[in-house]
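# sequence plus predicted model, see below.
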Amino acid sequence: MAWSVTLEKLIAFLRMHLVFACCWPLASTATKKRIIYDKLFRFFNGLHSMLMIFAVAYRIISQYDNTLVIMQLGCVLGTLCEVPLQIFLFTQQHDRLQNVISKMENYSKSANLAERDVIQRYINKNIAIYSVTLMLMTVTLVALILVPLVLAHPVVELEYPFSIDYQPMRGIIYLHQSFALYQVYAQVCATVFLALLLWFSTARFEILGNKFRMATEYSDWQACIREHQELLNLINHYRFTEQVTFSISHVTLSSLGVSTVTVVFSGLTFLGQFPIFVKMQYSIVCCSSLAKVFLCTWPADHLMSMSSYVGDAAYNSLWYEYGVAAQKIMLYTLLRAQRPVIVSVPGLVAALSLQHYASYVSMAFSYLTSFRAILSNDVD
């Protein structure tokens with residue numbers, strides 16, 4: 001194949017594509033000037049999204065007796081709230097993400113041919129679905145921004161405590177709302193960044209499992225044990241998997257919460273008395289929210305399985321030939337491998353998995369059904 005997506009190309013693309021998501025950390029060699037610029041960039045991105053949130057909230061307050069408007073703008077408000085929230089969470093995890101990205105880049109540079117083949121297989125297997133998702137999201141963004149120009153109405157129908165019926169104020173409002181949509185788009189696309197970290201961690205576990213199965217010397221077997229300890233955060237200076245899961249756990253929680261609100265309100269809008277164009281817009285928003293959660297849940301579920309696979313591979317290695325000391329180490333390794341690596345938030349998300357995703361979808365649509373019944377009773 002003359003052209004293929006490698007890990008290095010993928011990292012470079014996401015670093016450039018997700019600039020306005022403010023999720024990608026600076027390099028550890030960044031200058032003080034670059035660090036200050038990055039903090040200001042994050043601050044102004046968050047401030048801009050907050051201005052849009054205030055504008056939507058003002059319209060909701062002024063139209064508090066209009067159920068249809070509240071349903072429509074509730075969805076908009078939910079998606080907008082994700083922007084400053086995730087910028088804040090990514091900023092809080094900046095140093096930890098910086099360490100994770102640095103280790104991922106260093107590993108990709110030093111990986112041998114067999115390790116690169118495993119990583120490349122994961123990329124080839126998953127690149128299509130993530131590329132199509134990004135493409136559909138990009139097309140949707142462009143449509144949401146350009147269609148209002150054709151139809152001569154604002155991107156989002158809002159009210160302001162000042163007059164906007166003149167130029168250049170109309171143009172400023174249009175640019176303001178369009179950029180707010182782009183910020184939402186960037187945060188949705190940041191899901192691919194989280195998925196990359198999870199898929200890379202999964203690939204590391206598969207590589208380690210292969211090493212266990214091929215180890216024929218005691219020194220090779222010891223090296224596998226050390227790498228397993230490093231991956232499972234048992235060596236304090238490394239803690240790769242722990243840093244990955246902890247870095248993204250609260251971001252994932254915020255995404256789940258916002259997506260639930262978005263699915264409920266976009267579903268109500270789709271079922272309400274709105275023009276077909278509006279219904280199409282919000283049905284796309286609903287599908288995007290569900291897809292966003294799935295694209296992060298899928299690799300998290302696979303990581304759980306692959307981290308347990310290492311225990312099977314270790315058990316099938318030649319540990320029984322290396323004496324009592326090696327057998328004791330193997331016992332400890334097997335006990336640790338029985339606890340899979342999970343993305344969790346204590347007390348809120350036990351484990352991010354496909355089973356959890358199914359319950360999440362069921363819960364979201366249960367809320368939608370309940371709200372619909374309440375609104376139907378109000379109308380009657």
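Nice, thanks for sending it over. Numbers count the residues shown, from 1 in each chain.
# how far is stretch 80-98 from where the chain is centred?
11 Å (Cα atoms, centre = their mean, to the nearest Å).
# neighbours of residue 171, how many?
9 (other Cβ atoms under 10 Å). C-beta coordinates here come from the backbone N, C-alpha and C atoms, glycine included.
# sec struct for it, please.
For residue 171, the reduced secondary structure class is helix; criterion used: DSSP: H, G, I helix; E, B strand; the rest coil.
# helices along the chain, start to end?
7-17, 32-62, 67-92, 94-110, 113-151, 169-214, 218-231, 240-271, 276-315, 323-337, 354-379 (DSSP state H).
# out of these, flag the one nearest residue 160.
helix 32-62 (6.5 Å; Cβ to Cβ).
# packing partners of that closest one?
When contacts are defined as 3 or more Cβ pairs under 8 Å, 6 or more residues apart in numbering; DSSP states H and E, helix 32-62 packs onto helix 67-92, helix 169-214.
# the shortest one vs helix 240-271, what angle?
Per axes from the mean of the first three to the mean of the last three Cα atoms, to 10 degrees, the angle that helix 67-92 makes with helix 240-271 is 170 degrees.
# can you check the last one too?
The directions of helix 169-214 and helix 240-271 differ by 140 degrees, with the same axes, to 10 degrees as the criterion.
# orientation of helix 169-214 relative to helix 94-110 in degrees?
Using the same axes, to 10 degrees, helix 169-214 lies at 50 degrees relative to helix 94-110.
# next: the first one.
Between helix 67-92 and helix 94-110, the angle formed by their directions is 70 degrees, by the same axes, to 10 degrees.
# report the angle between helix 67-92 and helix 354-379.
150 degrees.
# on contacts alone, who are the packing partners of helix 67-92?
Against helix 67-92 (3+ Cβ pairs under 8 Å, 6+ apart) you get helix 32-62, helix 169-214, helix 240-271, helix 276-315, helix 354-379.
# in it, what counts as buried?
Neighbour-count burial for helix 67-92 flags 70-91 (criterion: 16 or more other Cβ atoms under 10 Å).
# quick one on the thing from earlier: any idea which of the helices and strands packed on helix 67-92 gets closest to residue 156?
Distance to residue 156, taken as Cβ to Cβ, is lowest for helix 169-214 among the helices and strands packed on helix 67-92, at 5.4 Å.
# give me the angle between the closest one and helix 218-231.
Using the same axes, to 10 degrees: helix 169-214 against helix 218-231 is 150 degrees.
# pLDDT averaged over helix 169-214 - what is it?
The pLDDT scores in helix 169-214 average 88.
# got the buried residues for stretch 95-106?
Those would be 96, 97, 98, 99, 100, 101, 103, 104, for stretch 95-106 by 16+ other Cβ under 10 Å.
# which residues touch the fourth one?
Meaning residue 99. residue 243 (Cβ atoms under 8 Å, 6 or more residues apart in numbering).
# gap between it and residue 123?
22 Å (Cβ to Cβ, to the nearest Å).
# hang on, isn't residue 7 packed against residue 122?
No. Distance between residue 7 and residue 122: 9.1 Å, which falls outside the contact criterion (Cβ atoms under 8 Å).
# so for residue 346, which of the helices and strands packed on helix 67-92 sits nearest?
helix 240-271 (9.2 Å).
# how about residue 300, what does it touch?
Contacts of residue 300 by Cβ under 8 Å, 6+ apart are 198, 252, 342, 343, 352, 353.
# can you list the residues you listed in a markdown table and add neighbour count and distance to residue 365?
Shown next, in a markdown table, are the contacts of residue 300 (neighbours: other Cβ atoms under 10 Å; distance: Cβ to Cβ, whole Å):
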| residue | neighbour count | distance to residue 365 |
| --- | --- | --- |
| 198 | 25 | 26 |
| 252 | 24 | 20 |
| 342 | 18 | 25 |
| 343 | 28 | 23 |
| 352 | 29 | 19 |
| 353 | 22 | 19 |
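# which residue is nearest the centroid of this protein?
residue 191 (2.5 Å; Cα atoms, centre = their mean).
# what distance separates stretch 191-210 from the centre of its chain?
14 Å.
# now do the shared contacts for residue 7 and residue 122.
In contact with both residue 7 and residue 122: residue 200, using Cβ under 8 Å, 6+ apart.
# more neighbours: these two, which one.
residue 7 (21 against 18).
# which stretch among the helices of the chain comes nearest residue 163?
Across the helices of the chain, closest to residue 163 is helix 169-214 (Cβ to Cβ), at 7.4 Å.
# against which helices or strands is that closest one packed?
Going by 3+ Cβ pairs under 8 Å, 6+ apart, helix 169-214 lies up against helix 7-17, helix 32-62, helix 67-92, helix 94-110, helix 113-151, helix 218-231, helix 240-271, helix 276-315.
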